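Asks: Starting from these lines, generate the structure:
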Amino acid sequence: MSAQLFKSGTSIGANVSEAQNAESNADFIHKFKIAAKEGEETNYWLKLCEASNLYPSPPKELQGELNEIMLIISKIIATSKRRNRTTIEK
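Replies: The predicted structure is shown next:
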């Protein structure tokens with residue numbers, strides 16, 4: 001579980017970093033959507049760790065920070081989609 005948590009957690013940042021060099025707005029959005037999926041997976045692993053007797057419960061602060069990151073990612077995706085639509089309509 002710890003390896004999966006590490007992989008999904010670090011993948012969020014890796015995809016956000018890749019998005020900075022996206023080839024198009026659609027590519028930018030796609031990479032942020034992958035980051036959002038990895039965030040959901042990270043949340044799943046955190047919940048599993050919390051329910052397991054094998055791992056100490058993750059601090060609530062960590063789950064709170066993940067929720068904040070997910071909100072930011074969602075907002076970036078929504079804003080980018082709006083900009084993409086506006087550009088297409090022009």
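
Asks: what about residue 56, how many neighbours?
Replies: Residues lying near residue 56 (other Cβ atoms under 10 Å) number 9. Quick note: C-beta positions are derived from backbone N, CA and C, even for glycine.

Asks: Please read the previous query as pertaining to residue 77.
Replies: By the criterion of other Cβ under 10 Å, residue 77 has 17 neighbours.

Asks: Excluding chain neighbours, give the residue nearest to it in space.
Replies: Leaving aside its sequence neighbours, residue 77 sits nearest to residue 32 (Cβ to Cβ, 6 or more residues apart in numbering; 5.0 Å).

Asks: Would you indicate which residues of the helix or strand bottoming out on mean pLDDT in the chain are buried?
Replies: Ranked by mean pLDDT, DSSP states H and E, the weakest helix or strand in the chain is helix 60-89, scoring a mean of 88. Within helix 60-89, the residues scored as buried using 16 or more other Cβ atoms under 10 Å are 63, 66, 69-70, 73, 76-77, 80.
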